[in-house]
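In: 3D, please:
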Amino acid sequence: MKTISKILGILTLIVMVTSCSTVRVVGSWNNSKELNLNDKRIMVISKTDDHVVRSQFESDLVNNLREHGLNSMESLTVFPRIDTEDKLSENEVQEIVEDLKTKGVDIIILNSLKDTQEYSRTETTGGGYSTLWYPSYFRGSNGTFYRYYSSIYVQSEPESTITYSGKKYILETVIYDLTKDDNEQLISVITTEIDNPKSLGTISKDFSKRIVNELLK
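Out: Presented below is the predicted three-dimensional model:
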């Protein structure tokens, strides 16, 4: 019985750990109550040197946008390589913006990793207590014995403690409208948190759905 209880406790913990691989929105800002993305061409950019991650996140977000009838494209089709360490001057950035405009791009959705946070968590299972009743006797003043019952608490299950480590990724999604004046192009910022990701494909699809839902709500 003790072994079964311990196994059940560990299985519960495993389910809890794997279910932590989720994406949630932790912050959102828009410069207007409603973002008008219809009839505009959207380019999705994932700022990372990892080609596999970039391709997955861009394609999943583009596909999700298209499912909602929005004209969108991956930046990979225009910029096959992005050097995240390359610091561009203001003039170089402006040249890129103008080049995108000539290609018909109206909206830029830029995803980037802002921070990582490592953590550890300890879970304790077992350690339950049960009541044990036992008879006790004492001699009364008249020389007879009176029987009564007393109780003590004993530990019925051994306590098991498991510590595991995890990592949170903080992503920032910034949306620019290139059809507006320079000081009005920033139209939205969305901050998301990915907790202890297990699968790139699953996380990328969940991330894209949450971003699109946030933009269209």
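
In: can you give me the strands in the chain?
Out: Ranges of strands in the chain, per DSSP state E, are 23-30, 42-47, 72-74, 107-125, 129-139, 145-155, 160-177, 186-195.

In: Can you tell me which of the ones you listed is nearest to Lys205?
Out: strand 23-30 (9.4 Å; Cβ to Cβ). Any C-beta I mention is one placed from the backbone N, CA and C, and that applies to glycine too.

In: Okay, angle between the closest one and strand 160-177 too, please.
Out: Counting by axes from the mean of the first three to the mean of the last three Cα atoms, to 10 degrees, strand 23-30 lies at 30 degrees to strand 160-177.

In: Buried residues, stretch 76-93. List them.
Out: Buried residues in stretch 76-93, counted by 16 or more other Cβ atoms under 10 Å: Leu76.

In: Residues contacting it, please?
Out: Outside of stretch 76-93, the residues within contact range by Cβ atoms under 8 Å, 6 or more residues apart in numbering are 43, 45, 47-49, 54-55, 58, 75, 96, 100, 103.

In: Kindly report the same for stretch 163-172.
Out: By Cβ under 8 Å, 6+ apart, stretch 163-172 touches 17, 20, 26, 111-123, 189-197, 207.

In: ok, now which ones touch Leu110?
Out: Contact analysis of Leu110 by Cβ under 8 Å, 6+ apart lists 45, 47, 173-176.

In: Apply 10 Å and report the result again.
Out: By Cβ atoms under 10 Å, 6 or more residues apart in numbering, the residues touching Leu110 are 43-47, 75, 172-176.

In: where's it relative to Glu159, distance?
Out: Per Cβ to Cβ, to the nearest Å, Leu110 is found 49 Å from Glu159.

In: circling back to that earlier point, just say which of the strands of the chain is most tucked in.
Out: strand 42-47 (a mean of 22; mean count of other Cβ atoms under 10 Å).

In: counting contacts, what elements does that one pack onto?
Out: Applying 3 or more Cβ pairs under 10 Å, 6 or more residues apart in numbering; DSSP states H and E, one finds that strand 42-47 contacts helix 51-67, strand 72-74, strand 107-125, strand 160-177, helix 200-216.

In: In terms of pLDDT, where does the residue nearest to the spatial centre of the chain sit?
Out: The chain has Ile194 as the residue nearest its centroid, 2.2 Å off, counting by Cα atoms, centre = their mean. On pLDDT, Ile194 comes in at 92.

In: Please name the bridge partners of it.
Out: Val23, Tyr169 (DSSP bridges).

In: Would you enumerate the residues in contact with it?
Out: 21-24, 113, 116, 167-171, 203-204, 206-207.

In: Reformat the strands of the chain as JSON lines; add distance to Asn64.
Out: As requested, the strands of the chain are exported to JSON lines (distance: least, Cβ to Cβ, whole Å):
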{"stretch": "strand 23-30", "distance to Asn64": "13"}
{"stretch": "strand 42-47", "distance to Asn64": "10"}
{"stretch": "strand 72-74", "distance to Asn64": "9"}
{"stretch": "strand 107-125", "distance to Asn64": "11"}
{"stretch": "strand 129-139", "distance to Asn64": "51"}
{"stretch": "strand 145-155", "distance to Asn64": "52"}
{"stretch": "strand 160-177", "distance to Asn64": "13"}
{"stretch": "strand 186-195", "distance to Asn64": "14"}
